[in-house]
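got a predicted structure plus its sequence, pasted below:
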Amino acid sequence: MQVSVLGASGFIGSSLCERLVKATDCEVRGVCRVHGIASRSRRDPPSTMVSYDILGEQKPPDFLPASDVIVDLVSIGPVAPVAASYAALGASVRNHVAFVEEVVGLGFSGRYIYLSSGGAVYGNPTRLPLAESHPTCPISPYGCEKLFIEANLERLADRIGLDLVILRPGNVYGEHQRSRPGFGLIPTIYERVRSRQPVTIFGSATAGLRDYVHEQDLNSAIIAAAKYRAGTGAKGAVFNIGTGVGTLTQEVCALTSAILRRPVSYRFRDLRETDVSTNILDARRAMKELGWVAKIALYDGLAATLSAWNADRSSVEPSRANRSIGGREGREGDHYGTKAHFAHRRKQDRKFGGPKLSQA
């Protein structure tokens, strides 16, 4: 099977390429906007890697139309300030959809997998957990970009028979992320705790409930989507990719503190206009139709991720990160951050439904 990965040099792209290269039945070809690697590392690169900006006006690489599967991980990402992000949306969406139309026009007839965002397209929830049928009302430019591209790709599926699958993952994290601020919440928390600086939490102590998905679980979902055979041009082939477990930002901070064996402190700021209040995904459709289920608990995935990042840092001994947390408390006088605490939370939240929304 020939798989082409758009955005192959990024965090998720490099992780996926490594996973696919290890599969004996896959010939992996990568496309990236610029040469270089935006992720932490790549041990098993694709057999082909080309530099190409799908949001530009160049002709697509010749191998794309012959692909059995194209995995689209491309996004303009956040642009500061927020107004600039909204201003860039129109051109980004038009160019993205025009690129897909051109690839199809050149003869592509395989499966097109688009990675959207279950953490952004729904906006603030009216009910939990968030199923694919939940209304979509994004409150950030990133969420708007993902939803607009989804809608246009679905129209292509209807109009020209594009064999489309859309995945909406939760908050993805893992070893291939760059371990510095600006590359996600967990890298930011890691750097702040490691340098003994306070972590900024937007909203109250109970804010920031998120569904965290490890990169390898997402890779498994993408591979399952590539093999999905429930019909061609399936407009309804949209799948949440999540654990069904919500974790507070403060809990992630406490767990990071316990793994690194460093204290954590907090400072609270008002919730930003682009931050959703809560996000917990209902992934039962993916379980039923793709045969996929998340297997890596946050505790285990975060410990492996921080250990990998520590191995890259001369100021932190890797051996320290590999020690068992045991019963060490994340902060004095509280069980936050201990293994027992997170095991208890997993048991509480594993049943779909999670915490209930407060009634106005």
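All right, it came through fine. Numbering: from 1, shown residues only.

where exactly do the helices run in the protein?
11-21, 82-105, 141-160, 185-194, 215-227, 249-260, 284-285, 298-311, 318-322, 339-349 (DSSP state H).

among these, which is nearest Gly208?
Nearest to Gly208 among those is helix 249-260 (3.4 Å), distances taken as CB to CB. Glycine gets a C-beta too; all of them are placed from N, C-alpha and C.

the closest one: which residues count as buried?
Using 16 or more other CB atoms under 10 Å as the test for burial, helix 249-260 gives Thr249, Gln250, Glu251, Val252, Cys253, Ala254, Leu255, Thr256, Ser257, Ala258, Ile259, Leu260.

domain map for the protein?
Domain assignment for the chain by automatic domain parsing gives 2-173+212-241, 185-210+245-278+297-349.

I'd like to know how many residues surround the closest residue to Arg29 other than its chain neighbours.
Take Arg29 and drop its neighbours on the chain: the residue closest to it by CB to CB, 6 or more residues apart in numbering is Thr48, 4.2 Å away. Neighbour count for Thr48, taken as other CB atoms under 10 Å: 14.

can you give me the pLDDT of Thr48?
Thr48 carries a pLDDT value of 82.

residues contacting Asp217?
Ile241, Thr243, Ala294, Lys295, Ile296 (CB atoms under 8 Å, 6 or more residues apart in numbering).

partners of the closest residue to the last one other than its chain neighbours in the sheet?
Think Ile296. In space, and not counting its chain neighbours, Ile296 is closest to His214: 4.1 Å by CB to CB, 6+ apart. Beta bridges link His214 to Tyr173, judged by DSSP bridges.

contacting residues around the residue nearest to Arg19 when sequence neighbours are not counted?
The shortest distance from Arg19 to any non-neighbouring residue, by CB to CB, 6+ apart, is to Asn219 (4.5 Å). Counting by CB under 8 Å, 6+ apart, Asn219 touches Ser15, Leu16, Arg19.

so which of the residues you listed comes closest to Gly107?
Within the contacts of Asn219, the smallest distance to Gly107 is 24.2 Å, found for Leu16 (CB to CB).

pretty sure that closest one contacts Val71?
Yes - counting by CB atoms under 8 Å, Leu16 does reach Val71; the two are 6.7 Å apart.

what do these two both touch?
With CB under 8 Å, 6+ apart as the test, Leu16 and Val71 both reach Val5, Ile222.

when the two are compared, which one has more neighbours?
More crowded of Leu16 and Val71, by other CB under 10 Å: Val71, with 31 against 28.

okay then, goodbye and thanks.
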